[in-house]
Every structure is written in C-alpha cells, then in structure tokens.
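>>> coords please:
(one chain, ligands or ions: 2)
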Amino acid sequence: MSILIINIKELLQVRNQDIIKVSGQDMKSLPSIKNAYLLIEDDTIVDFGKMTEIGNFSSNNVIDAKGKFVLPAWCDSHTHIVFAENREQEFVDRLNGFSYEEIANRGGGILNSAKMLGKMTESELYDKSLVRLMQVMKSGTGAIEIKSGYGLSLESELKMLRVIKRIKETLPITVKATFLGAHAVPYLYRENKDAYLSLIIDQMLPKISEAHLADYIDVFCEKGYFSLEDSERIIKAGQAHGLKAKIHVNQFNAFGGVALGVKYKALSVDHLEQLNDDDIDVLKNSDTIPVALPTCSFFLGIPYTPARKLIDSGLPIALASDFNPGSSPSGNMNFVLSSACIKMKMSPEEAINAATINGAYAMGISKTHGTITKGKKANILITDPISNINILPYSFGQSYIDTVIINGNIIKKPQEST
Ligand code: NIG
Ligand code: FE
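Numbering: from 1, shown residues only. Ligands and ions are numbered 1, 2, ... in the order given. Below is the predicted model:
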C-alpha cells in the first residue's frame, strides 16, 4: 500500500541517514522542507521533496496536508505501560501530605503494583495494556520502550515480558523490551536482598535470554532500592546475556549511578532529577544519552532534570513519558513536550529533537526511526492546520495532531477523538 502526502506546509526533521542523535547547540535546529510532499510504500518512507519537484507518482491514498506540518512520530524511550491497575489512592494519599517514599514504605508503590499484577491473568494484563497502547498510538507515539519490573518473581516477570512480546507482534508500533527485575526488593526477600539478586541473575536472566524476551537490562539504582554494587552486578549479568543497560538513576539521590552507567556503556541514563557537575562531566565524551522524564517531576512535584545545563554543556537529551501507575500515569508525549518547554526551558525545536531522533537513539533504533529519511520507517504525524510548530508545546493538554501513521498504518484519521 502507498500513501502520498501532498502540499505539506513544512516537512520537519529531514536528516541524513548518518545522523543518529543530536547534541548541544545542534538541538536548536530542525532541518525542514517547505511546501513538500512525502511518499510512503508499505512501512517505509521512499521519497520526499519540494512540491515543485514532485514526480509522477500514483497512489490511491492521497492526503492533502495544506496548512499542516509533517514530522516523525514520537519515540517514547522509557515506559512501564504494561501494568495491572492504576494507583489513584496513592495519588490522593500524596495530596494529603504523604511522600512517594512514605507511601512505598507503607506497602504502596512498586510492591503494590507487583501484588496486583501477580493476581492478574496474562490475557487480562494484555487486554488492559492494549487499551493504553492504543491511546498512546493515537496521541502520536510510533515507537515505545516497555519495561518489566512489576512482576518481581520469575513467573510474573516472564508474564510481563510475554505480554510485551505479544504487543510487539500484534500492534504496528515498534516495541523494545527491557528487563527490570531489579525494580524493588519483594517482601519475601526483604531481609535477604542478595537472594533476590541471585534470583534475578541465576534464574530470571537465563530464562529471559533463552526466550529472547528482552532487548535491554534496567535497574532502579536508588537509596532504599538497589545500591551501586547491586546495580553493577545486575548490569554485568545483563551484559553477559547480550543486554545493553538503560538504567534508572538520580531520581531522588545522586551517588554515582551516572558514572556507573557510563562505565558500562549504558545506552541511556534516565531520570536525573538530581544531577551534579561530576555527572555532567562523566557524560561528556560518552555515547550514553541522558533521558529526562518531566511528567514524572510534574506528577510527583520533584525537581525537573536540568535540561538546560545538559544541553548547554554540549550533551544530547531525550524526552520520555515514564508512563507508569505511580509516578507518571500518562503516556501522552504531547504533554511531555509541553512540560519540557514550560518547566525545563527547552525550545520547541529542542523538545522535538529530544522526542524523535534522540528518543530513537535512547532505544537503539535511530537508524530506522526518529527522522524523515528515505528508507526509514513510515512513522509520522500530520498536524492540524497551524501557523507554526510552537503551537504544539504551547497548547498544553490539547492535541493539534490530525493524523498518525505508524509503520505505514493510518492509526488516527482526521476527526477522530484523541
Ligand atoms: O520510573 N522510579 C522507579 N520506577 C518508576 C516508578 C514506579 C512506580 O511508582 O510504580 C519511575 O518513576
Ligand atoms: Fe521509570
């Protein structure tokens, strides 16, 4: 099937194949073609250019994008979108003055999610997750990373990862799976964390690797969860099974997690709400990308990742939703962009780079996703007619996305609600 989009007001994020991420000052620019066309064959971008130079193409699916912008679909590189139930009572508890930490210590938090997921059947978990996936696809996400980590037992971690695999096989969205067995220490192992680490390393990892259920390894490197030493063991064990690291670091405390990630050539270090100068120095000259999750900061009322400091130091940054029931119960990347601009002072161009090509880099798919490039996946967004692209982050909470095409499939058509 082919789709021909004509009269595009401006085609954004047009880049050469060799650009796999953009850093520092370069994040301010978004190369584009005005008055353009774009041709899609099956799941691939095959041609684009100026309308004045359009070839003699025929397609029975022609979209007139007069007054509209076309850009790559969002690449959300950090989510926990497979989970059992919402945790809205913990939200109310926080409104009543309890902290995220206090709620976790009272049996809420990740362990609460694990309890609920343990009771849910695999097909129910799939059905619940599917609804959320459809929502984020309609809101413009074309590629997504999904973590396990609400299982915390061999059986339940495998259940989560199988659900992620099924999502990958059944939906058009591109999916990367991350094993996050080290998300929290389950009750059973409270007095014996080492035994839980051994369970992850000796039992879970070999099974997961044998069944090809994960692309990456993650660990919640944080006080009260997993120490630097624990995290190092997990990362090394994951690497021994061919899984590159993408890790949760510096959410509440900065104590060397970034350096650990860089030492082990992590693909990304995520959260970074607490960041010191040493962390920034260690990220320079590394291939590890910092990932900011501004809707987590918004929801928990914790500091925002110092995006300006990172970018002004010449570093790249990716933006992701962290969609999960405890700290960011939304996978809406449009709001992620708005909060990045409003609260972290990123420019709209920087935010779009961070949510497209850099998001793709943070999940290891920037050779095929994240830019308008011939041969890349046809993952694109068509906006409503708007005067300029700043409208997207400016209009927080509203969607100016008219059409979403994911791997060549038209997911959201004009007039459909978001
Ligand atoms: O990325 N920080 C650790 N994990 C999640 C929150 C998990 C939860 O509260 O369920 C996060 O914010
Ligand atoms: Fe997370």
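>>> Arg106: neighbouring residues, count only.
Using other CB atoms under 10 Å, Arg106 has 13 neighbouring residues. C-betas here are computed from N, CA, C, even on glycine.
>>> which phi and psi does it have?
phi -90, psi 10 (degrees, to the nearest 10).
>>> Quick check: nearest residue in space to it, chain neighbours excluded?
Nearest-residue entry for Arg106: Phe98, 7.7 Å, with adjacent residues in sequence omitted and distances by CB to CB, 6 or more residues apart in numbering.
>>> Near that neighbour, how many other residues are there?
Neighbour count for Phe98, taken as other CB under 10 Å: 16.
>>> wait, what's in contact with the nearest residue to His80 once chain neighbours are set aside?
For His80, ignoring the flanking residues on the chain, the nearest one in space by CB to CB, 6+ apart is Asn324 at 3.7 Å. Contacts for Asn324 (CB atoms under 8 Å, 6 or more residues apart in numbering) come out as 79-81, 83.
>>> Please apply the same query to Phe226.
182, 185, 219-220, 234.
>>> secondary structure class for the residue of the stretch 301-418 of the chain found nearest ligand 1?
Going by CB to the nearest ligand atom, ligand 1 is nearest to Gly326 of the stretch 301-418 of the chain, at 2.1 Å. Judged by DSSP: H, G, I helix; E, B strand; the rest coil, the three-state class of Gly326 is coil.
>>> Then Lys34?
Classification of Lys34 by three-state DSSP places it in strand.
>>> Start at 57, not 1
Shifting the count to begin at 57 puts that one at Lys90.
>>> Is it in contact with Val70, as I believe?
No. Applying CB atoms under 8 Å, one finds Lys90 not in contact with Val70, separated by 10.7 Å.
>>> So which of these two has more stuff around it?
Neighbour totals were compared for Lys90 and Val70, and Val70 leads with 21 against 10 (other CB under 10 Å).
>>> Now that one, what are its backbone angles?
Phi and psi for Val70, reported as degrees, to the nearest 10, are phi -90, psi 120.
>>> ok, it - contacts?
87-89, 104, 427-429.
>>> and it, bridged to which residues?
For Val70, the beta-bridge partners are Ile428 (DSSP bridges).
>>> can you tell me the helix or strand for Lys171?
Taking DSSP states H and E as the definition, one finds Lys171 inside helix 165-175.
>>> Contacts made by that helix with the rest, please.
With contacts defined as CB under 8 Å, 6+ apart, helix 165-175 is touched by 139-141, 143, 146, 156, 159-160, 181, 205-209, 212, 215-216, 239-240, 242-243, 276, 381-382.
>>> Next step: the residues you listed restricted to strands.
Using DSSP state E, the subset of the contacts of helix 165-175 located in strands is Phe276.
>>> show me where the stretch 307-456 of the chain has strands.
324-327, 345-348, 374-375, 436-441 (DSSP state E, counting those that start in this stretch).
>>> helices or strands next to the first one in the packing?
Of the remaining helices and strands, those touching strand 324-327 by 3 or more CB pairs under 8 Å, 6 or more residues apart in numbering; DSSP states H and E are strand 300-305, helix 313-319, strand 345-348.
>>> So which bits of the stretch 157-306 of the chain are right by ligand 1?
Residues of the stretch 157-306 of the chain that fall close to ligand 1, judged by CB under 6 Å from any ligand atom: 165-166, 169, 276, 304.
>>> pLDDT added to the residues you listed, as JSON lines?
Formatted as JSON lines, these follow (pLDDT from 0 to 100):
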{"residue": "Gly165", "pLDDT": "95"}
{"residue": "Ile166", "pLDDT": "96"}
{"residue": "Ser169", "pLDDT": "98"}
{"residue": "Phe276", "pLDDT": "98"}
{"residue": "His304", "pLDDT": "98"}
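>>> hmm, back to that, and the contacts of helix 165-175, which of them are buried?
Burial by neighbour count, judged by 16 or more other CB atoms under 10 Å, picks out 139-140, 143, 146, 156, 159-160, 181, 205-209, 212, 215-216, 239-240, 242, 276, 381-382 from the contacts of helix 165-175.
>>> so of those, which ones are in helices?
Those of the buried ones among the contacts of helix 165-175 mapping onto helices are 146, 156, 159-160, 181, 212, 215-216, per DSSP state H.
>>> Just name the most buried of the helices and strands packed on strand 324-327.
Most buried of these by mean neighbour count (mean count of other CB atoms under 10 Å) is strand 345-348; its value is a mean of 29.
>>> ok, and does it reach over to ligand 1?
No. Using CB under 6 Å from any ligand atom, strand 345-348 stays clear of ligand 1, with a minimum separation of 10.4 Å.
>>> and stretch 453-470, what's its mean pLDDT?
Mean per-residue pLDDT for stretch 453-470: 91.
>>> pretty sure Ile257 is in contact with Glu288, am I right?
No. In terms of CB under 8 Å, Ile257 does not count as a neighbour of Glu288; the distance is 11.7 Å.
>>> Tell me who's in contact with Leu253.
238, 286, 289-290.
>>> If we only consider these, which is nearest to ligand 1?
Relative to ligand 1, the closest of the contacts of Leu253 is Ala238; by CB to the nearest ligand atom it sits at 10.6 Å.
>>> Quickly note the distance from that closest one to Ser79.
To Ser79, Ala238 is 29 Å away according to CB to CB, to the nearest Å.
>>> okay, those two: which has more neighbours?
Using other CB under 10 Å, the more surrounded residue of Ala238 and Ser79 is Ala238, with 30 against 17.
>>> Spatially nearest residue to that one, not counting backbone neighbours?
Leaving aside its chain neighbours, Ala238 sits nearest to Val275 (4.1 Å; criterion: CB to CB, 6+ apart).
>>> correct me, but that neighbour touches Ser287?
Yes. Between Val275 and Ser287 there is a contact under CB under 8 Å: 4.6 Å.
>>> Now do the SS call for Ile467.
strand.
>>> I figured it was touching Met193, is that so?
Yes. If you go by CB under 8 Å, Ile467 and Met193 touch, sitting 5.0 Å apart.
>>> how many neighbours does Ser395 have?
For Ser395, the neighbour count with other CB under 10 Å is 24.
>>> whoops, I mixed them up, Lys232
Neighbour tally, Lys232, other CB under 10 Å: 22.
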